[in-house]
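**Student:** give me a 3D structure for the following:
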Amino acid sequence: MTVTELHPREGETYAEGLARAEQAQAEAEAARIRNEAERRRQQLAADKAEAKAQKEIRRELEAAEDERREREEKRRTEAAAKAKAKASAEAWRRSALAIAVVCVVVSLPLQVMAFWDPSAWFLVAAPFVLEGVAWALLKGAEAAIDDDRPSWHYRLGALLQALIAAGINFAHGSETYGIATGIGGALCSVIGPAIWDLHEHGRITKKAGRKTRAQRRAEQRAAKGEKARIAKVNKAREASDPDVWERALFLAAALGELVPSEKTYRRAWDELHGAEVGSTASIISAKRLARRAVRLAQNGPLDGSQTDTNGQVGSQMNEDGDEPSKAPSKPGEDGRKNNGGTPPVRRPGTTKYAPIARRQMSVEKLRSNSN
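**Tutor:** Numbers count the residues shown, from 1 in each chain. Model prediction:
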């Protein structure tokens, strides 16, 4: 408290000056407390915002790290699968080639013996022609596959040539060495080209991107289940709202649909109910009433009756509410005792203020003058 604040002003007593200074000091202290509280509140809000931002940053970093790990794991899994598939394909190719070579080793000598004749020694080249034509046609099929050309005729010709060689081996082997040798030679003539043809068939399937039989069956089962689900949904819709379903059937026929699609059914529902599917005017009204009830239960009833009239207007009305209350009979008389609460007419100099009220008005006047 400063000396200036204690010094009484013109027309002011010492006690009034002291009260004014105390009031000014109290207001300053109150302002300081408010400023300090506001500063702490802002600091707390800033700390919370920073903590939230740091938490969001950590969450985003963790999500990015998880995504990176998932991508890396997926990449490693795909690389391992590709490597395994490549190794399997190479092993299958080597096995098929080995079996084909072994079959040639067995079947070719039998054919050479079948065509051997000292008087016609040149016929010894016939077995090489028979076996060679089959393998040449298979190589032609391989080239056609690599060049994206039809290969079925090459493969068919190779199979026919292998069957001819098998017949020769069976006849000669059975006659010369017995039935077992004949069957074994015939099988070797067919198995070699057939195994290699299966290898080429796998390459054709992979290159064309054809689906396996298991995949096709799974898709057929899924399509059948979806068809059954749609039938059940349509049956339930017809039973729940026949009018909408009849309108959907009409729209489907107009649009060229055998069964109303989801879009057609939604259009029919909107035309009849004017709302989203599943909503009607009664449902929307019930929902709004339920929400009002929840708000009332959460917030509680308002203080006083909501149907009461304005208090100031009511104090100026008679009990019957037809005519306003009458003014006091004498000027300055408080007529609220007799007329329902109408205040008297005020005139300058008739109102008496308490000392503390006068001091407050002086403070406000000085404050306004200083501003």
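**Student:** out of everything not next to it in sequence, what's closest to V101?
**Tutor:** G192 (7.8 Å; C-beta to C-beta, 6 or more residues apart in numbering). (Each C-beta comes from the backbone N, C-alpha and C, glycine too.)
**Student:** secondary structure element for the one you found?
**Tutor:** helix 179-208 (DSSP states H and E).
**Student:** G225 too?
**Tutor:** helix 213-240.
**Student:** helices or strands up against the helix holding G192?
**Tutor:** helix 14-115, helix 126-146, helix 152-176 (3 or more C-beta pairs under 8 Å, 6 or more residues apart in numbering; DSSP states H and E).
**Student:** comparing these, which gets the lowest mean pLDDT score?
**Tutor:** Among the helices and strands packed on helix 179-208, helix 126-146 carries the lowest mean pLDDT, a mean of 80.
**Student:** now that helix: buried residues?
**Tutor:** 127, 130-131, 133-135, 137-138, 140-142, 144-145 (16 or more other C-beta atoms under 10 Å).
**Student:** shouldn't the residue nearest to V101 be in contact with A98?
**Tutor:** No: using C-beta atoms under 8 Å, G192 makes no contact with A98, being 10.2 Å away.
**Student:** how near is A275 to V244?
**Tutor:** In this view, A275 and V244 are 12 Å apart by C-beta to C-beta, to the nearest Å.
**Student:** could you do R76 as well?
**Tutor:** R76 is 53 Å from V244, by C-beta to C-beta.
**Student:** more neighbours: those two, which one.
**Tutor:** V244 (21 against 10; other C-beta atoms under 10 Å).
**Student:** are we agreed that the more buried one is in a strand?
**Tutor:** No: applying DSSP: H, G, I helix; E, B strand; the rest coil, one finds V244 to be helix, outside a strand.
**Student:** who touches it in this structure?
**Tutor:** R237, Y265, A268, W269, L272, H273 (C-beta atoms under 8 Å, 6 or more residues apart in numbering).
**Student:** again, only this time at 10 Å
**Tutor:** Contacts here follow C-beta atoms under 10 Å, 6 or more residues apart in numbering; on that basis V244 touches R237, E238, P260, Y265, R266, A268, W269, D270, E271, L272, H273, V277.
**Student:** which of those count as buried?
**Tutor:** R237, P260, Y265, A268, W269, H273.
**Student:** among these, which are located in helices?
**Tutor:** R237, Y265, A268, W269, H273 (DSSP state H).
**Student:** what's the closest non-adjacent residue to the second one?
**Tutor:** Yep, that's Y265 we're talking about. Nearest to Y265 is A248, by C-beta to C-beta, 6+ apart, at 4.7 Å.
**Student:** measure the closest residue in space to D243 that isn't next to it in sequence to F250 for me?
**Tutor:** The shortest distance from D243 to any non-neighbouring residue, by C-beta to C-beta, 6+ apart, is to L272 (6.0 Å). Using C-beta to C-beta, L272 is found at 11 Å from F250.
**Student:** got any residues that touch both of those two?
**Tutor:** By C-beta under 10 Å, 6+ apart, no residue touches both L272 and F250.
**Student:** assumed the residue nearest to Y265 was part of a helix.
**Tutor:** Yes: inclusion of A248 in a helix is indicated when three-state DSSP is applied.
**Student:** OK, contacts around it?
**Tutor:** Applying C-beta under 10 Å, 6+ apart, the residues near A248 are 234, 237-238, 241, 257, 259-261, 264-269, 271-272.
**Student:** need the pLDDT of it.
**Tutor:** So A248 comes in at 91 (pLDDT).
**Student:** my read is that the residue nearest to D243 contacts A281, right?
**Tutor:** No: L272 lies out of contact with A281 (C-beta atoms under 10 Å); the separation is 11.1 Å.
**Student:** ok, and what's touching stretch 84-103?
**Tutor:** Counting by C-beta under 10 Å, 6+ apart, 131, 135, 138, 162, 185, 187-200, 202-203, 206 sit against stretch 84-103.
**Student:** list phi and psi for the residue of the chain most remote from its centre.
**Tutor:** What lies farthest from the middle of the chain is S119; by C-alpha atoms, centre = their mean that is 84.1 Å. When read as degrees, to the nearest 10, the backbone of S119 gives phi -80, psi -20.
**Student:** pull up the per-residue confidence for it.
**Tutor:** pLDDT, S119: 79.
**Student:** state the distance from it to A171.
**Tutor:** From S119 to A171 the distance is 21 Å (C-beta to C-beta).
**Student:** just E70 next, same as before
**Tutor:** Counting by C-beta to C-beta, the gap from E70 to A171 is 64 Å.
**Student:** among these two, which residue is more densely surrounded?
**Tutor:** Counting neighbours by other C-beta under 10 Å for E70 and for A171 shows that A171 has the greater number, 14 against 10.
**Student:** which of G192 and A98 has more neighbours?
**Tutor:** Per other C-beta under 10 Å, whichever of G192 and A98 has more neighbours is G192, with 28 against 11.
**Student:** any idea how far H199 is from that one?
**Tutor:** 11 Å.
**Student:** for E78, same thing?
**Tutor:** 25 Å.
**Student:** R359 reaches E16, doesn't it?
**Tutor:** Yes: the pair R359 / E16 is scored as a contact, 5.7 Å apart, by C-beta under 10 Å.
**Student:** just checking, S362 touches A24?
**Tutor:** No: here S362 does not reach A24: they are 11.9 Å apart, not a contact under C-beta under 10 Å.
**Student:** which residues does stretch 136-145 contact?
**Tutor:** Contacts of stretch 136-145 (C-beta under 10 Å, 6+ apart): 100, 129, 149-162, 192-193, 196-197, 199-201, 203-204, 207-208.
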